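Trainee: my questions concern the predicted model and sequence given below.
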Amino acid sequence: MDLVAIYQCLCDHTRLRILNLLARGPLCVCHIQDVLGEPQVKISKHLGYLKTHGAVEVRREGYWRIYSLVAKPDRTLAANLACLQDAASEDKTFRRDLEKLTSLRTKIAADAPACCASPRSSRGRASRLSRTTRGTC
């Protein structure tokens, strides 16, 4: 990934917060939205930007899109993401986001939220989806 593209991805506070969350594991858009307290359209716009520039990847599970950091980041991106993690540990907003994420994952482990259950029925795909997203989105 080009160094300028990396810094363009990192030059926005919301994108930094998203990358910080995704460093902890894959998340669906609705969970990122819950943690950041931002509208879905804003989160989706930033995720699209990060995807276009090669910082995140997405997979579909039913109706939902699960975002994660790229599986094999190049050396420059990996170094900058590590730097973000070091700096984020000192920032109260990033720490608060991680606390909210921990709380959300605890809630997911107890009972998958509505966004992770299929609107069709509680059998088949919905049950499998809920099991696959527990603790990961």
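Mentor: Received it, and whenever you're ready, just let me know what you need.
Trainee: got a list of what residue 15 touches?
Mentor: By Cβ atoms under 8 Å, 6 or more residues apart in numbering, the contact set of residue 15 is 9, 46, 49, 50. C-beta coordinates here come from the backbone N, C-alpha and C atoms, glycine included.
Trainee: farthest-apart pair in the residues you listed, please.
Mentor: Put simply, by Cβ to Cβ the two of those set farthest apart are 9 and 46, 9.3 Å from each other.
Trainee: how far away is the residue nearest to residue 101 when sequence neighbours are not counted from residue 58?
Mentor: Nearest residue to residue 101 in three dimensions, chain neighbours excluded: residue 35, at 5.2 Å (Cβ to Cβ, 6 or more residues apart in numbering). Here residue 35 is placed at a distance of 18 Å from residue 58 (Cβ to Cβ, to the nearest Å).
Trainee: and those two? Which one has more around it.
Mentor: The neighbour comparison of residue 35 against residue 58 (other Cβ atoms under 10 Å) goes to residue 35, with 23 against 16.
Trainee: below-threshold pLDDT in this protein: ranges please.
Mentor: 111-137 (pLDDT under 70).
Trainee: ranges for the helices of it?
Mentor: In the chain, the segments counted as helices under DSSP state H are 3-10, 13-22, 29-36, 40-52, 75-88, 92-110, 125-133.
Trainee: adding distance to residue 65, write the ones you listed out as CSV.
Mentor: Output for the helices of the chain, formatted as CSV (distance: least, Cβ to Cβ, whole Å):
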stretch, distance to residue 65
helix 3-10, 18
helix 13-22, 13
helix 29-36, 6
helix 40-52, 8
helix 75-88, 21
helix 92-110, 17
helix 125-133, 12
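Trainee: to residue 63, which of these lies closest?
Mentor: Between residue 63 and these, the shortest gap by Cβ to Cβ is with helix 125-133, which sits at 9.1 Å.
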